[in-house]
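Asks: Dropping a prediction and its sequence here:
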Amino acid sequence: MATAIPGDLIELLNDPAATKVLATVDEDGVPHLAVKQSLYVDVAGRLVYTELLESSRSNRNLVRSIWFGKSVSVIVSGAGGRSFQVKGKPVKTHISGPLFRKHYLEIRSLLGDVDVAAVWIIEPQEVIDGSYAARSAEERAKFPFFDHLDRLVKPAATAA
Amino acid sequence: MANLNLAIKENRPLSRAEVTEKYPDIPPLVILKADVQRRGVHYSEAALGALDLELHATTGTHIFGARDGKIAARPESLLLRDGSSIITTPTPLELDPYLVDLHEGRPFLFEDGEPVEEVDYWPRPDFYDKTSSSGTLMQNVVSARPQRLNIFPYRYCTFWNNGNGCSFCDIVTQMKKGKEELGIPARLDPLEVKEVVWEALLEPGRYAALFLTAGSNVAGKRAFDEEVDYYIEILQRVGELFSVPKIPSQLIGTAFDDGQLERLYRETPLTSYTADIEVLGEELFNRHCPGKAEWIGYKEWKRRLVRAVDIFGPGRVNTGLVAGVELTSPGGYKNEDEALARTLEEAEDLASQGVSTVYIVWSPRPGTAIGDQKNASLEYYARLAAGLHGLRGKYRLPIGFDDYRRCGNHPDSDLSRLHNF
């Protein structure tokens, strides 16, 4: 089931200064992580990733994912510790046609003489806010026993 | 599982869903592709209405004909979500093809009235509507798949001169249709080919391979010299466009002798070579390919393929099968298990010597000697794909020159996308 990425997170994902990591899984279940600055969100709310190398591990793993219905993850990290994760499923790869051509031209204008193997479309399935503040609040609410007691002491408390 | 067990118990051919269930390691999209190739497609009026002649490639310069025997403006072929092509032909409804119809406004494959998978029509190349300096429509000189340029230098095969053409081949019928109905030149001018390829390459990111094929031509001082000379001339003219001596390219030709193979490699930018043996097994080869048997012979065909590996390099030579003809009568294997075992045994003999084997799904065409027979079951094609792919894994044979992107017509080589060699 597709899910919507909140507007502020789309903004972060589309920020060229943010760090974006694509996590895929190989045939043995071993995760493969790679920084992929070409990731962004399109107008339909789907992740778009331009793969430069046909033989890359990420590309092979994406093929495996689209063939066998496996998920991938994208982690985005921006200024001030803002971070979130999108789990999704590759639903389409463009190897020809107008969208492929658009990305081929754009990437080459940015990076020079590089090739493009595919433009992947990833449908978001789940969005997880990975910022410490958000995760900490969530944990405290769901798991009230997971705190060190010293953190709960009143600031003004004394032994007397 | 109940249906699968029942099908096995009843000993009936498995449906696509049952094949998908039985072979979980074969991607469902590859199984679907093989089934669509096996059964063909029929385009609904709505699907044809979605065909935009400015955006989509339509049927044109095929070297072989459609299963319904017609030449009309229909989608050239289809692209699946995983970027692979389904190269298939329009097929009469009475043969139970998949229906291409619209679902939520988009083209989909339908089976039994249900939408099963979205498809895209192939994008139309920029150069198709331009004319060459001789006034020929460029799409009638060079054609294209999603990422490949096709050059069909001529459209005849001299094996037909004495009636020894292959049993499944309609190249001569198609040549006549192409000439009469589309105005396609029977023989291309190498300089005109170069002109059109140059125009095609103006479209950024479109083409990843150049491909040539034609029928066999026995003429020359040595048999097939004229065929080789002509390929060399075209490849040299096209090669003048590039800054590198070798380009991603494939030639499907006759099984040439050592000297001819060396010339092809040494004198042109060609990087890979294919000589289609069509069917594995000497008796079947002799039956279905009498011209190839007459002029070269089965054992020599194989020897020449192996010799080509010395020249082009490992992983750059293969041979193609028209899979399914080995089960036709008379003379075919008694059942699919035997056909698979014998075919893979022969394919392994080639693989162990550096020659890959790929298959296309045999599409029975009107006007051919075995055009009234049926092709094999989907399960057969799925097992054959897995078997040939497995041989490439065992012998570490790359197939990048004939894969889902460079060709798109082989379910078995689609699977190589997961290989890391």
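Replies: Yep, that arrived. Residues are numbered from 1 along each chain as shown, chains lettered A, B, ... in the order given.
Asks: Quickly run through the sheet partners of the helix or strand in which residue A:84 is found, with directions.
Replies: Following DSSP states H and E, one finds residue A:84 within strand A:83-94. Partners of strand A:83-94 in the sheet, by DSSP bridges, are strand A:72-77 (antiparallel), strand A:118-129 (antiparallel).
Asks: Would you mind listing the outside residues contacting it?
Replies: Residues outside strand A:83-94 that contact it (Cβ atoms under 8 Å, 6 or more residues apart in numbering or on different chains): A:5, A:9, A:12-13, A:46-47, A:62-63, A:65-66, A:69-77, A:100, A:103, A:118-131, B:81-83. In this view, the C-beta of every residue, glycine as well, is placed from N, C-alpha and C.
Asks: Skipping its backbone neighbours, what lies nearest residue 128 in space?
Replies: Since no chain was named, I'll use chain A. residue A:85 (4.4 Å; Cβ to Cβ, 6 or more residues apart in numbering or on different chains).
Asks: other chain: chain B
Replies: Nearest to residue B:128 is residue B:139, by Cβ to Cβ, 6+ apart, at 4.0 Å.
Asks: if I've got this straight, that neighbour is in a helix?
Replies: Yes: read with DSSP: H, G, I helix; E, B strand; the rest coil, residue B:139 is one of the residues of a helix.
Asks: Can you get me a residue count around it?
Replies: Residues near residue B:139, counting by other Cβ atoms under 10 Å in any protein chain shown, number 22.
Asks: Surely it touches residue B:127?
Replies: Yes: using Cβ atoms under 8 Å, residue B:139 is in contact with residue B:127, at 7.4 Å.
Asks: Quick check: closest non-adjacent residue to the spatially most central residue of chain A.
Replies: Nearest to the mean C-alpha position of chain A, by Cα atoms, centre = their mean, lies residue A:74 at 1.7 Å. Spatial nearest neighbour of residue A:74, chain neighbours left out: residue A:86 (4.8 Å); criterion: Cβ to Cβ, 6+ apart.
Asks: what does chain B have sitting close to chain A?
Replies: B:27-30, B:79, B:81-83, B:120, B:122-123, B:146-147, B:203-206, B:405, B:417-418, B:420 (Cβ under 8 Å from any Cβ of the partner chain).
Asks: Just to be sure, which of these are found in helices?
Replies: B:28-30 (DSSP state H).
Asks: most surrounded residue in those residues?
Replies: That'd be residue B:30 among those, by other Cβ under 10 Å, with 26 neighbours.
Asks: residue contacts, that residue?
Replies: By Cβ under 8 Å, 6+ apart, the contact list for residue B:30 reads A:67, B:84, B:382, B:385, B:411, B:414-415.
Asks: Which two of those have the greatest separation?
Replies: Maximum pairwise distance in the contacts of residue B:30, criterion Cβ to Cβ, is 15.1 Å, between B:84 and B:382.
Asks: So which of those two has more stuff around it?
Replies: Between residue B:84 and residue B:382, counted using other Cβ under 10 Å, residue B:84 has the larger neighbour count: 27 against 23.
Asks: Sort out which residues of stretch B:284-300 are buried, please.
Replies: Going by neighbour count (16 or more other Cβ atoms under 10 Å in any protein chain shown), the buried part of stretch B:284-300 is B:284-293, B:295-298.
Asks: Just the ones in helices from those, please.
Replies: Per DSSP H, these map to helices at B:284-288, B:290-293, B:295, B:298.
Asks: Tabulate these (a markdown table), appending pLDDT.
Replies: Compiled in a markdown table, these are given as follows (pLDDT from 0 to 100):
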| residue | pLDDT |
| --- | --- |
| B:284 | 98 |
| B:285 | 98 |
| B:286 | 98 |
| B:287 | 97 |
| B:288 | 98 |
| B:290 | 98 |
| B:291 | 98 |
| B:292 | 98 |
| B:293 | 98 |
| B:295 | 98 |
| B:298 | 98 |
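Asks: Spatially, which two of the residues you listed are the most separated?
Replies: Top of the distance list for these (Cβ to Cβ): B:284 and B:295, 17.3 Å.
Asks: Report pLDDT for the residue in the stretch 151-300 of chain B positioned nearest to chain A.
Replies: Relative to chain A, the nearest point of the stretch 151-300 of chain B is residue B:205 (3.3 Å; Cβ to the nearest Cβ). In this model, residue B:205 is scored at 97, pLDDT.
Asks: List the buried residues in the lengthiest helix in chain A.
Replies: Looking across chain A with DSSP H, the single longest helix is helix A:98-111. Buried residues in helix A:98-111, counted by 16+ other Cβ under 10 Å: A:100-101, A:103-104, A:107.
Asks: what's the answer for stretch A:63-77, then?
Replies: A:63-67, A:72-77.
Asks: any idea which of those is closest to chain B?
Replies: Looking across the buried residues of stretch A:63-77 and measuring by Cβ to the nearest Cβ, the closest to chain B is residue A:67, at 3.5 Å.
Asks: where exactly do the strands run in chain A?
Replies: A:19-25, A:31-35, A:40-41, A:47-51, A:72-77, A:83-94, A:118-129 (DSSP state E).
Asks: Could you give the bridge partners of residue B:79?
Replies: Applying DSSP bridges to residue B:79 gives these bridge partners: residue B:85, residue B:120.
Asks: my guess is it meets residue B:145, correct?
Replies: No: Residue B:79 lies out of contact with residue B:145 (Cβ under 8 Å); the separation is 9.8 Å.
Asks: which residues do those two both contact?
Replies: Counting by Cβ under 8 Å, 6+ apart, the residues touching both residue B:79 and residue B:145 are B:85, B:122.
Asks: Around the residue nearest to residue B:249 when sequence neighbours are not counted, count how many other residues there are.
Replies: Spatial nearest neighbour of residue B:249, excluding adjacent residues (Cβ to Cβ, 6+ apart): residue B:210 at 4.4 Å. Counted with other Cβ under 10 Å, the neighbours of residue B:210 add up to 27.
Asks: Next, residue B:210: secondary structure please.
Replies: Once three-state DSSP is applied, residue B:210 turns out strand.
Asks: So it versus residue B:135, what's the distance?
Replies: Look at residue B:210 and residue B:135: by Cβ to Cβ, to the nearest Å, they are 24 Å apart.
Asks: can you check residue B:216 too?
Replies: Residue B:216 is 30 Å from residue B:135, by Cβ to Cβ.
Asks: who's more crowded, the two?
Replies: More crowded of residue B:216 and residue B:135, by other Cβ under 10 Å: residue B:216, with 25 against 6.
Asks: How about the contacts made by the residue nearest to residue B:56 when sequence neighbours are not counted?
Replies: Distance criterion Cβ to Cβ, 6+ apart; nearest residue to residue B:56, sequence neighbours excluded, is residue B:121 at 4.1 Å. Counting by Cβ under 8 Å, 6+ apart, residue B:121 touches B:50-51, B:55-57, B:75-76, B:78-79, B:107.
Asks: What about those residues, which one has the most neighbours?
Replies: Counting neighbours by other Cβ under 10 Å, the top entry in the contacts of residue B:121 is residue B:79, with 26 neighbours.
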